[in-house]
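> with the input below, show me the fold.
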Amino acid sequence: MRIVFFGTPRFAVPSLLQMVETSHDVVAAVTQPDKPKGRAAEPVPSAVKEEAQTKGLTILQPKDPGEKNFLSAIGALRPDCGVVVAYGRILPAALLTLFPRGVVNLHPSLLPKYRGAAPIQWTLIHGETETGVTIFRLDEQLDHGPILLQVRQQIDPQENAASLSDLLSTEGARALTDALELLESGQAHLHPQNDQEATFAPPLKKEDGFIRWADDALSIHNRVRGVQPWPGALTGLNGKLLKLFATFPDPSRSAGPQAPGTVVSADSVHGLWIQTGKGQLRIDQLQLEGSTLLDAESFLRGRPVEAGTVLSRPNPSR
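Down below sits the predicted model:
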């Protein structure tokens, strides 16, 4: 089949590479326009554009996928099928109709759960033990179309959003290959989603990374996992911003009537333990504002923390 690939971030790259390696003909890669970055505001290409350039693919970067000129360009390519992986824009009906075999989308959740922009992050924040990828046919609604194929994936208790994203991007690329074979052979069976079971995963805000020490230890641990790498799990230590990278929860551990956020122990023997609303949380990797990422033992060796210190809520303006 003649395929137009839509994608933007690093998550989409394994799928693009998989498409190039199959017998299908990737006639174009569509990605977001280059974005200015850094002090000089130099335009930086997306991960998909960089990879597409190395493969010699035709690259299209419309500001709006509903633009008349872009629609004409896609029509001139005579595509059979579209493949979307984290493109970042909803495709209009006028574009979807240009693909005789439809447009399929790879979504990193078990739809209809976690429709939206941040399914991996909210899956972890909510403490799910299973996730997966869904290949479905696009319609005009957000992550709503009929399902072609799903692959389930167990979640390791220490998995964070960055590592789980890498895993699902690889699994999703394989699933896309299987889905396209079903479409090409005419063996695809589409199943409508049950909207009654739908949940949503909106984009993360910086405030979603703020640690609420009154929550239980497991919930805080799940939040730390879910907000990596952005916005990061944020708290305050002696007036400075403290970012947590790796933690371990013990819901049954208690040191008596300590206020949530209190440092219970902070030494190389016992580790860095914090009281929560229920149980305690051990901090294993952390980074203080203006410093580097360290394991807890190295951190405490260079910057001792007294037991009884209370970690605070970070200032939203910082």
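> residue ranges in this protein under the pLDDT threshold?
For the chain, applying pLDDT under 70 flags the ranges 316-318.
> all helices of the chain, in order?
Along the chain, counting by DSSP state H, helices occupy 13-21, 47-54, 68-76, 93-96, 119-125, 161-185, 217-226, 296-302.
> so which residues make contact with the fourth one?
Yep, that's helix 93-96 we're talking about. 65, 66, 70, 71, 74, 82, 102, 103, 138, 139, 140 (CB atoms under 8 Å, 6 or more residues apart in numbering). The way it works is simple: take the backbone N, C-alpha and C, and place the C-beta from them, glycine included.
> got a PyMOL select line for the buried ones in those?
Buried subset of these, written as a PyMOL selection, criterion 16 or more other CB atoms under 10 Å:
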select buried, resi 65+70+71+74+82+102+103+138+139
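> and the contacts of helix 93-96, which of them are in strands?
82, 103 (DSSP state E).
> out of the contacts of helix 93-96, which comes closest to residue 270?
residue 138 (52.8 Å; CB to CB).
> from what I can see the closest one touches residue 102, true?
Yes. Shown here, residue 138 and residue 102 form a contact pair, counting by CB atoms under 8 Å, at 7.3 Å.
> okay, and the common contacts of the two?
82, 96.
> quick one: the most centrally placed residue in the chain from residue 260, how far?
Nearest to the mean C-alpha position of the chain, counting by CA atoms, centre = their mean, stands residue 120 at 4.6 Å. As judged by CB to CB, to the nearest Å, residue 120 and residue 260 stand 28 Å apart.
> neighbours around residue 75, how many?
12 (other CB atoms under 10 Å).
> surely it touches residue 97?
No. With contact defined as CB under 8 Å, residue 75 does not reach residue 97; the gap is 9.8 Å.
> which ones are touching residue 306?
Residue 306 neighbours (CB under 8 Å, 6+ apart): 263, 266.
> from residue 92, how far out is it?
Taken as CB to CB, the span from residue 306 to residue 92 is 59 Å.
> for the contacts of helix 93-96, which one is nearest residue 276?
residue 138 (41.9 Å).
> skipping adjacent residues, who's closest to that closest one in space?
Closest residue to residue 138 apart from its sequence neighbours, by CB to CB, 6 or more residues apart in numbering: residue 103 at 4.5 Å.
> perfect, that will be all.
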